[in-house]
Structure formats: C-alpha cells, structure tokens
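Visitor: Structure of the sequence below:
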Amino acid sequence: MDVKLNINGFGEARIPMAKLTKYALNPDKAPDKALAFEKALGYNLSNIDKLIENVTSHINDFEPERKLATIHGEPFQILMDLTGENGKTASVMTGWIIDAETKEIRLTSIYIKKRKK
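Guide: Numbers count the residues shown, from 1 in each chain. Here you go, the predicted model:
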C-alpha cells in the first residue's frame with residue numbers, strides 16, 4: 001500500500017511502501033541505508049509507520065530544490081532535519097519525481113545525509 005501526502009507547490013504525491021520496506025529500511029537489500037536509519041533516528045522495519053508519519057508531517061517545513069529535468073520527468077529533492085524515535089536529529093534527503101508520462105509525483109529515494117566533516 002502506498003501513502004499519499006501533499007507537497008506544497010507540487011500537489012498530491014505518493015510514497016511507494018516498497019521503496020522503504022524492500023530497500024531503504026531493508027538490511028538485506030540496503031544494509032548501509034538501513035543501518036544509517038537505525039543509528040541516526042532509531043527507525044527500522046518494525047516502526048516504519050513512525051518514519052512515514054514523521055516525513056509526511058514535516059515535508060512542508062522544508063524547501064524543495066528542483067533538479068534538471070530528464071526524459072523520465074522533473075526531479076526535486078527535499079532535505080529535512082527530523083528527530084527520530086531515539087530522540088536524535090538527523091538530515092534526511094528525500095528525492096521525488098514528477099513523472100514525465102503520468103505527471104504523478106512519487107518518492108524515488110530516501111536516505112540519511114552524511115554530515116560534512
């Protein structure tokens with residue numbers, strides 16, 4: 001099941017659950033990403049609903065940054081500082097695309113942004 005949300009200035013978007021369950025939080029598929037979410041914010045497959053709630057409730061607190069359009073569509077990203085289940089705050093990068101054919105907006109990427117040293 002996908003999650004729908006509204007992104008200011010863009011409209012209705014969706015988060016494909018498989019992007020989280022089969023990739024970003026899945027330690028078998030993307031161990032580095034899954035470990036980063038666990039360590040930085042305390043999110044894993046058992047509390048995925050809390051991560052989604054955090055993203056959807058704060059998505060419009062941060063400015064979208066448009067990227068160069070491709071044949072696939074118009075990508076943009078939103079970098080969010082989120083406080084997780086463990087009380088820690090980390091930067092979460094979310095990547096989105098406005099699909100060239102369907103005009104649907106969907107999440108394409110989500111990961112913990114490494115801090116600059």
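
Visitor: Ramachandran coordinates for Thr70?
Guide: phi -130, psi -180 (degrees, to the nearest 10).

Visitor: actually Lys103, sorry about that
Guide: phi 70, psi 10.

Visitor: how close does it get to Leu45?
Guide: Lys103 sits 31 Å away from Leu45, going by CB to CB, to the nearest Å. Heads up, the C-betas are built off the backbone N, CA and C, glycines and all.

Visitor: So which of these two has more stuff around it?
Guide: Leu45 (15 against 10; other CB atoms under 10 Å).

Visitor: What sits closest to the more buried one if chain neighbours are left out?
Guide: Leaving aside its sequence neighbours, Leu45 sits nearest to Leu25 (CB to CB, 6 or more residues apart in numbering; 5.2 Å).

Visitor: Equivalent analysis for Ile7, please.
Guide: Nearest to Ile7 is Ala13, by CB to CB, 6+ apart, at 5.0 Å.

Visitor: pretty sure Ala100 is touching Pro75, no?
Guide: No - judged on CB atoms under 8 Å, Ala100 makes no contact with Pro75 at a distance of 10.5 Å.

Visitor: Show me which of these two is the more surrounded one.
Guide: The neighbour comparison of Ala100 against Pro75 (other CB under 10 Å) goes to Pro75, with 17 against 12.
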